[in-house]
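Visitor: sequence and predicted model, in that order:
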Amino acid sequence: MDAKAEISEIVLPTDANILGNILGGKVMHLIDIACAIAAFRHCRKPCVTASIDFLDFKHPIKVGELITIKASLNRAFTTSMEIGARVFSENLYTGEIKHTSSAYLTFVALDKEKMKPVAVKKYIPETDNEIRRWKQAEIRRKHRLAGTKKLSGIK
């Protein structure tokens with residue numbers, strides 16, 4: 001599958017809060033970039049972030065550690081795609097790697113000239129892991145749409 005991306009950076013003092021941990025907003029920024037690359041690789045069209053689901057922070061990432069985001073397509077719908085991201089920290093001195101965060105993002109593909117949503121190519125999962133993620137993406141989508149419908153009725 002081409003619809004993957006991996007990016008890494010060393011956490012610098014300018015990326016951190018007063019405790020020496022990477023800022024949550026910086027993590028979100030890097031997740032968004034990695035997931036956008038994976039989405040673009042799948043459809044080969046400009047993509048915009050439509051939503052971010054379920055972002056939790058399990059462990060802090062300290063200044064001087066490496067942050068790595070691994071993003072991959074979970075499922076393609078009509079004009080949108082769910083991309084999953086896993087965030088890891090690596091202590092460069094010890095080699096210890098920790099899974100620090102996970103997130104699911106929805107991207108919409110756009111026609112470059114009209115800037116309107118366009119259909120994305122179909123994605124057929126092959127491995128057991130891809131099939132599991134593909135099925136779970138449909139469940140998350142149903143929850144997102146149901147939540148949006150409920151909220152739109154609130155005045």
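Guide: Thanks, I have it. Numbering: from 1, shown residues only.

Visitor: what about the helices in this protein?
Guide: 24-43, 128-152 (DSSP state H).

Visitor: mind listing what's buried in the shortest one?
Guide: I take that to be helix 24-43. Within helix 24-43, the residues that count as buried by 16 or more other C-beta atoms under 10 Å are 26-28, 30-32, 34-43. For every residue, glycine as well, the C-beta is placed using N, CA and C.

Visitor: so what's residue 66 closest to, chain neighbours aside?
Guide: Leaving out its chain neighbours, the residue that sits closest to residue 66 by C-beta to C-beta, 6 or more residues apart in numbering is residue 90, at 4.1 Å.

Visitor: what's the longest strand in this protein?
Guide: For the chain, the strand that runs over the most residues, judged by DSSP state E, is strand 97-109.

Visitor: tell me how far that one lies from the chain's centre.
Guide: 3 Å (C-alpha atoms, centre = their mean, to the nearest Å).

Visitor: could you name the helices and strands sitting against it?
Guide: With contacts defined as 3 or more C-beta pairs under 8 Å, 6 or more residues apart in numbering; DSSP states H and E, the packing partners of strand 97-109 are helix 24-43, strand 47-57, strand 80-90, helix 128-152.

Visitor: now it: buried residues?
Guide: Quick answer for strand 97-109 (16+ other C-beta under 10 Å): 100, 101, 102, 103, 104, 105, 106, 107, 108, 109.

Visitor: what do you get for stretch 107-125?
Guide: So, applying 16+ other C-beta under 10 Å, buried residues of stretch 107-125: 107, 108, 109, 110, 117, 118, 120, 123, 125.

Visitor: farthest-separated two in those?
Guide: Largest separation among the buried residues of stretch 107-125 by C-beta to C-beta: 110 and 125, giving 24.5 Å.

Visitor: for residue 147, state which of the buried residues of strand 97-109 is nearest.
Guide: Looking across those and measuring by C-beta to C-beta, the closest to residue 147 is residue 106, at 12.6 Å.
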